[in-house]
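J.: turn this into a model:
(2 chains)
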Amino acid sequence: MTITVAGNKKEYPDGLTVAALLAAENVETPEYVTVSLNDDFVPGDSFDQTVLGDGDEVEFMYFMGGGR
Amino acid sequence: MPFTNDQLQRYSRHIILQEVGAKGQRKLCEAKVLIIGAGGLGAPAALYLAAAGIGTIGIADADEVDLSNLQRQVIHTTPDVGKAKVLSAQETMNRINPEVTVKTYRTFVMADNIMELIADYDFILDGTDNFPAKFLINDACVLAGKPFSHAGIIRFKGQLMTYVPGQGPCYRCVFREPPPPDAVPTCKQAGVIGAMGGVIGSLQAMEAIKYILGKGDLLTGYLLTYDALKMDFRKIRLPRRDTCAVCGKSPTILAPFDYAQAVCELG
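T.: Numbering: from 1, shown residues only, chains lettered A, B, ... in the order given. Presented below is the predicted three-dimensional model:
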């Protein structure tokens, strides 16, 4: 299947979960990343159960605490 | 009151812009913007807002200038080391533009003073360096109905979003609650490239200016992310969270509150 991850089209095997995608994309501290799927937030406790499908668009939002 | 000849000269590159004109410059000169944190983000934002002639600029920070600040906090200079950041910032801003009133608040911004602090201002800039402060500013601005710009920077990356009451999600819609202390790295631990504050802080100033002018599209409903190493700017569309604890349909946060964190890290 083809999914769009942070704006880039990528090929992944069917049945991929959000949690597996976070691992495959080497996302740092995945437990503190906000994920949106097709313009809806994925609840933080359902990354394991959320299965992605062809054409899905996934975005990652990271905590950035710096500023001073 | 009409502009003086000096003002017409000072603001000529603004006034000539179709989107600004004398009317827009007048709005800028009458506007009040509060900057919380006179550091990596607040420094460039304060310089551009002062230069733009924002009539009243508040700046809140409890710290003194440290040598390790000068790699990015361009409003402070080497002779300012040891001086209160708000005073150092005020001096630089008034040297750039003596016409602007700079109000200094040498204080930690906390739940017990933030509502009073933001009450007088039209737009607030979050230039803080920790999550408790960022959530506090978000909650207070949502509760008080104040527009604000959130930003964060780390390493070679930065992000910002704009909240306008009644339009789009707030910071808490996206991030829910602060991560546990030390769960995600801070600039002090991880470092930050100095020019990142210049890029993202200047974008915050730009959002404030556009809001005041009422021109263009603000970053409401979007998170702008910047990856300097990849030289990649992205606008991520943000969903709204109906269950948001502060701006959702049944809010549970009805007053600002402080998350526990060592006071030395707040500001």
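
J.: going by C-alpha atoms from here, please, whenever you check contacts or count neighbours.
T.: Noted.

J.: which parts of the stretch 151-267 of chain B sit against chain A?
T.: For the stretch 151-267 of chain B, the residues in contact with chain A (C-alpha under 8 Å from any C-alpha of the partner chain) are B:151-154, B:158-159, B:174-175, B:179, B:183-187, B:197, B:236-241.

J.: can you list contacts of the longest helix seen in chain B?
T.: Longest helix in chain B, counting residues (DSSP state H): helix B:194-213. The contact list for helix B:194-213 (C-alpha atoms under 8 Å, 6 or more residues apart in numbering or on different chains) reads A:67, B:19-20, B:24, B:27-28, B:31, B:33, B:40-46, B:48-49, B:71-73, B:123-125, B:127, B:148-151, B:153, B:156-160, B:162, B:216-219, B:228.

J.: buried set for that helix?
T.: B:194-213 (16 or more other C-alpha atoms under 10 Å in any protein chain shown).

J.: could you do stretch B:13-26 as well?
T.: Quick answer for stretch B:13-26 (16+ other C-alpha under 10 Å): B:H14, B:I15, B:E19, B:V20, B:G21, B:A22, B:G24, B:Q25, B:R26.

J.: same thing with stretch A:6-13?
T.: Neighbour-count burial for stretch A:6-13, counted by 16+ other C-alpha under 10 Å, picks out A:A6.

J.: which residues touch it?
T.: So stretch A:6-13 is contacted by A:M1, A:T2, A:I3, A:T4, A:E57, A:V58, A:E59, A:F60 (C-alpha under 8 Å, 6+ apart).

J.: what's the residue nearest to the first one when sequence neighbours are not counted in contact with, if anything?
T.: Right, the one you point to is A:M1. Distances taken as C-alpha to C-alpha, 6 or more residues apart in numbering or on different chains place A:D54 nearest to A:M1, at 4.7 Å, with adjacent residues excluded. By C-alpha under 8 Å, 6+ apart, A:D54 lies in contact with A:M1, A:T2, A:I3, A:D14.

J.: A:L37: which of the residues you listed is nearest?
T.: Taking C-alpha to C-alpha as the measure, A:L37 sits nearest to A:I3 out of the contacts of A:D54, at 10.4 Å.

J.: can you pull out the helices in the stretch 51-200 of chain B?
T.: For the stretch 51-200 of chain B, the helices defined by DSSP state H, counting those that start in this stretch cover B:85-96, B:114-119, B:131-144, B:171-175, B:187-190, B:194-213.

J.: can you list the buried residues in the lowest-mean-pLDDT helix or strand in chain B?
T.: Within chain B, confidence by mean pLDDT, DSSP states H and E is lowest for helix B:187-190 among all helices and strands, at a mean of 77. Buried residues in helix B:187-190, defined by neighbour count with 16+ other C-alpha under 10 Å: B:C187.

J.: any idea how far it is from the middle of the chain?
T.: Put simply, helix B:187-190 sits 20 Å off its chain's centre (C-alpha atoms, centre = their mean, to the nearest Å).

J.: who touches that helix?
T.: Contacts to helix B:187-190, defined as C-alpha under 8 Å, 6+ apart, come from residues A:G65, A:G66, A:G67, B:D129, B:I153, B:I154, B:R155.

J.: for the first one, give me the backbone phi and psi.
T.: The phi/psi pair for A:G65 (degrees, to the nearest 10) reads phi -100, psi -10.

J.: give me the contact list for the helix or strand following the longest helix of chain B.
T.: For helix B:194-213, the following helix or strand on the C-terminal side (DSSP states H and E) is strand B:222-227. For strand B:222-227, contacts defined as C-alpha under 8 Å, 6+ apart pick out B:156-162, B:232-238.

J.: tabulate those in CSV, adding columns for neighbour count.
T.: CSV is the format used below for the contacts of strand B:222-227 (neighbours: other C-alpha atoms under 10 Å in any protein chain shown):
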residue, neighbour count
B:F156, 17
B:K157, 22
B:G158, 26
B:Q159, 26
B:L160, 24
B:M161, 26
B:T162, 28
B:D232, 10
B:F233, 14
B:R234, 14
B:K235, 17
B:I236, 20
B:R237, 17
B:L238, 22
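
J.: ok, those residues vs A:E28, which is closest?
T.: A:E28 has its nearest neighbour among those in B:K157, at 13.6 Å by C-alpha to C-alpha.
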